[in-house]
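Student: Turn this into a structure:
(2 chains)
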Amino acid sequence: MAVLEVFLAIVLVYIVMGQIQINLPAKYSDTTNMDRLHRYSHDIAFSLCGSLKAKRGILNDSFTFDLGNVLPQDVAYRIYYYTNDSNDHLLDSHIKYVDGGRVELFYDEFYNLDAWTGNISSAYTWNISSTYGGYNASAVPDTAAWHQVDSDATPHYITHAQSTEGYTDINVSFWFRTSFLIDSFSSDYYNGTDWTSIAGGIQTSWMQPPIDYLPGAASDNPNFAIRFKCYESTVSSTEYCNVDTLRITGIPKDVPKATSSCIIAGGPVKSNYSAYACDYKGSDCLSPINITDSNWLPIVENENFTVSFNPSQNGSIVEFNFDARNNETNQTTLFYDSAGNQIASYNMTDSWSYSKFSLDLTDYFPDPNGSYNLTIKPTVNATFDLIRLNVSSNVYSPAKVVVQTWNYGD
Amino acid sequence: MKGDMNIDFVMAIILFVSVYAILYTILPSATISFKKTPDPLATASYYFSDVLVTTPGLPYYWNTTAGMTKLGLAYGTNVTSYPNIIDARKIGAVDGQSCNSLKAKVDITLNFSIVVETSAKNYSCTATIPRIARLIERVGYVKNNTNYLPAKIKVWTW
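Tutor: Numbering: from 1, shown residues only, chains lettered A, B, ... in the order given. Below is the predicted model:
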């Protein structure tokens, strides 16, 4: 019977175990990693579009976007935007990376120049120096008590070839310093065909030039190389260049990335739109396209008039600017969208002087291919002659902002 | 004797096979080994965090919890909202309040706690968070007049 009991016990355990559903309590557990990355991509995209929208800002070259340290350190991100001119744009100087998202392809503290080729280890060429703290590459003769770069008017280079195959968004960082009167110092990268400058100049104390990443030609390129050039055209005993702590990093191109996007007005400014204004009868219309200072629109008190417009292109009207004047003080003018909803009011307090105001219409007339009426209604219960409109607009093509996030180490 | 089989052993085999066959037929779960149950909080938790960071609540201009009928933290107007842009007045009104006191103003039945962290200030409603709570982290900005501070929004549900 002992054997039978054992088997029955096994059967019992098997049955019980088969029905167990294990809940593993984890403190503050989160969803799966990709869910989490998708959430971050979504949040970054909408934070970017939302803040631009709230600021009435336009995506442009001077825009900066900083998430501070709100992302976990194991999450890296990058931001692209696309406009309707069919060219893909990367936010070159505004891309931000969390450090963990990059892979180091090459690192040199310049204890030696074994990884470099070029003008090395002879007088007046690049060599190793410890003059300015630690070891660094110095374009000075290593036996000299003083610094002299070049007396033959020939630029001196050191070059390191580093394949970036399999990596994108290549970043180069380094420190450099020069003497005050050096003719030039520069760093360049090689895309297999041409050398392109990265950074340089005269800098009398150590500095790290701000380089976010190199253009696409540097990515996934087996012929990628970097070089430093030090040039002094005249005989000098005090001129030098120093370079230290070079890092070349990239992002593995096959890392799983979570992508999200949103649309914001941000492309090139367009001026091709049509707008015209008519009085409340719909008959006394100004000429289309331009409503200028020379065109006067008669408005009957407390009656509506409309400004009709059609962007007629793949763009979105961001704002209308009005110069208005009338012969009454303290008038309130109301603005309505095509559906008759009031979207703004404006109080004109000074008769016969122009009041300047603008309306952000993006939210109300979002379809760039739609036709819209903006209805304007003065509410003052008094007779006034005219309201003059000088309608201008800024029309921007839409930009698609794309955000990718990924994990370090994936 | 060599070759004899213990009757108990034979009976056990027969019994095991019979029980297994019956269970296999009528109780599929008996043949399924250890498994982790789906997270019952995931959908509601994500939905709740989304409502918080993308909608302005009701009314859209609320700035005291007494005057608020539906909880949403996004900056917004009667026409549009600004997803992931947290209104400093709203999260300021929530700061220090009991999370439980806000339950009637959300459309989930879960308990929750909210923390919004910025470099200048952290905001939170008060609650004791149990170990089993689900944490959803979001990112965005806190808008205070014209300032925009990067913010980490943490939402626990249980």
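
Student: low-scoring stretches of chain B, by residue?
Tutor: Low-confidence segments of chain B, defined by pLDDT under 70, span residues B:1-5, B:23-40, B:78-79.

Student: which residues touch the residue positioned nearest the centre of it?
Tutor: With distances taken as C-alpha atoms, centre = their mean, the residue of chain B nearest its centroid is B:Ser45 (2.8 Å). With C-beta atoms under 8 Å, 6 or more residues apart in numbering or on different chains as the criterion, the residues that contact B:Ser45 are B:Leu110, B:Arg134, B:Ile136, B:Val155, B:Thr157. Placement of C-beta: from N, CA and C, glycine included.

Student: Quick one: residues in contact with stretch B:63-78.
Tutor: Applying C-beta under 8 Å, 6+ apart, the set of residues contacting stretch B:63-78 from outside is A:50, A:54, B:51-62, B:81-87, B:89-94, B:97, B:101-102, B:105-107, B:114, B:116, B:143, B:153.

Student: try 7 Å
Tutor: Stretch B:63-78 is touched from outside by A:54, B:51-58, B:60, B:62, B:81-83, B:85-87, B:89-91, B:93-94, B:97, B:102, B:105-106, B:143, with contacts defined as C-beta atoms under 7 Å, 6 or more residues apart in numbering or on different chains.

Student: farthest-separated two in the contacts of B:Ser45?
Tutor: Maximum pairwise distance in the contacts of B:Ser45, criterion C-beta to C-beta, is 11.5 Å, between B:Leu110 and B:Ile136.

Student: which of the two has more neighbours?
Tutor: In this comparison of B:Leu110 against B:Ile136, neighbours counted by other C-beta atoms under 10 Å in any protein chain shown, the higher total goes to B:Ile136 at 26 against 16.

Student: Can you tell me, leaving aside adjacent residues, what's nearest to that one?
Tutor: Counting by C-beta to C-beta, 6 or more residues apart in numbering or on different chains, B:Ser49 is the residue found nearest to B:Ile136 once chain neighbours are left out, at 4.3 Å.

Student: For the one you found, which residues are in contact?
Tutor: By C-beta under 7 Å, 6+ apart, the contact set of B:Ser49 is B:Ile136, B:Arg138, B:Val155.

Student: and the last one, how many neighbours?
Tutor: Put plainly, it is B:Val155. Neighbourhood size, B:Val155 [other C-beta under 10 Å]: 23.

Student: Can you list the strands that the one helix or strand it maps to pairs with?
Tutor: Element membership of B:Val155 [criterion: DSSP states H and E] is strand B:147-157. Here strand B:147-157 has these sheet partners by DSSP bridges: strand B:112-117 (antiparallel), strand B:134-144 (antiparallel).

Student: can you tell which of these is closest to B:Ala21?
Tutor: B:Ala21 sits nearest to strand B:134-144 of all the strands paired with strand B:147-157, at 41.2 Å, using C-beta to C-beta.

Student: how far is that closest one from where the chain is centred?
Tutor: With C-alpha atoms, centre = their mean, to the nearest Å as the basis, strand B:134-144 stands 14 Å off its chain's centre.

Student: most packed of the strands paired with strand B:147-157?
Tutor: strand B:134-144 (a mean of 24; mean count of other C-beta atoms under 10 Å in any protein chain shown).

Student: Output it as PDB, restricted to C-alpha atoms.
Tutor: Presented in PDB, the C-alpha positions along strand B:134-144 are these (Å, rounded to 0.1, in the frame of the first residue of the first chain):
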ATOM      1  CA  ARG B 134       0.700  49.100  -9.600                       C
ATOM      2  CA  LEU B 135       3.000  52.000 -10.600                       C
ATOM      3  CA  ILE B 136       2.700  53.800 -13.800                       C
ATOM      4  CA  GLU B 137       5.300  56.500 -14.600                       C
ATOM      5  CA  ARG B 138       4.600  59.300 -17.100                       C
ATOM      6  CA  VAL B 139       6.700  62.200 -18.200                       C
ATOM      7  CA  GLY B 140       5.600  65.800 -19.100                       C
ATOM      8  CA  TYR B 141       5.900  69.300 -18.000                       C
ATOM      9  CA  VAL B 142       4.400  71.300 -15.200                       C
ATOM     10  CA  LYS B 143       3.200  74.700 -16.600                       C
ATOM     11  CA  ASN B 144       3.300  77.500 -14.200                       C
END
